[in-house]
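*Asks:* what follows is a predicted protein model with its sequence.
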Amino acid sequence: MDRYRTEQHRLGTPYQTIQQALGDAHGVKEVLSLGLFNGIVPRPELFTRLDRDYGRDASRTVQAVARAVHGYPSGMPTRQMLRNTTALVEGLR
């Protein structure tokens, strides 16, 4: 969560407040939301913003990866998931 910490430090947010927000982010989607949007956003808004800000396949890719990580069928071919994930990560740099 270096991205979140860096931005919060830049904004002058107290260390304890930053740590509390990170501690309150329990799920992958909450942590992702902090890192990408600097705060926890509701799930429907998270997916809308992902697609708007990072391309139309961003939310599908995040959901497919989350399913695969938890041992469920991803619903997306592995090569496509890797290509989409690579493009998403490159867009974050």
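*Replies:* Cool, the structure landed.

*Asks:* look up how far residue 30 lies from residue 43.
*Replies:* 9 Å (Cβ to Cβ, to the nearest Å). The way it works is simple: take the backbone N, C-alpha and C, and place the C-beta from them, glycine included.

*Asks:* the residue nearest to the spatial centre of the chain: which element?
*Replies:* Centroid-nearest residue in the chain: residue 32, 2.5 Å away (criterion: Cα atoms, centre = their mean). Assessed by DSSP states H and E, residue 32 sits inside helix 28-37.

*Asks:* contacting residues around that helix?
*Replies:* Applying Cβ atoms under 8 Å, 6 or more residues apart in numbering, the external contacts of helix 28-37 come out as 1, 3-4, 21-22, 24-25, 39-41, 43, 46, 49-50, 53-54, 62, 66, 69, 92.

*Asks:* list buried residues within the residues you listed.
*Replies:* 4, 21, 25, 40-41, 46, 49-50, 54, 62 (16 or more other Cβ atoms under 10 Å).

*Asks:* ok, residue 53 - contacts?
*Replies:* residue 36.

*Asks:* tell me the angle the helix or strand hosting it makes with helix 28-37.
*Replies:* Here residue 53 sits within helix 43-54, counting by DSSP H and E. Computed by axes from the mean of the first three to the mean of the last three Cα atoms, to 10 degrees, the angle separating helix 43-54 from helix 28-37 equals 40 degrees.

*Asks:* helix 43-54: what's the following helix or strand?
*Replies:* That would be, after helix 43-54 and using DSSP H and E, helix 58-69.

*Asks:* now the helix or strand of the chain with the lowest mean pLDDT - C-alpha only, PDB.
*Replies:* Ranking every helix and strand in the chain by mean pLDDT, DSSP states H and E puts helix 28-37 at the bottom, with a mean of 85. What follows is helix 28-37, C-alpha atoms only, in PDB (Å, rounded to 0.1, in the frame of the first residue of the first chain):
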ATOM      1  CA  VAL A  28      -9.000  -7.100  -1.600                       C
ATOM      2  CA  LYS A  29     -11.500  -4.600  -3.100                       C
ATOM      3  CA  GLU A  30     -11.100  -2.200  -0.100                       C
ATOM      4  CA  VAL A  31      -7.300  -2.300  -0.400                       C
ATOM      5  CA  LEU A  32      -7.500  -1.900  -4.100                       C
ATOM      6  CA  SER A  33      -9.900   1.100  -3.600                       C
ATOM      7  CA  LEU A  34      -7.400   2.700  -1.200                       C
ATOM      8  CA  GLY A  35      -4.500   2.300  -3.600                       C
ATOM      9  CA  LEU A  36      -6.300   3.400  -6.700                       C
ATOM     10  CA  PHE A  37      -8.700   6.000  -5.500                       C
END
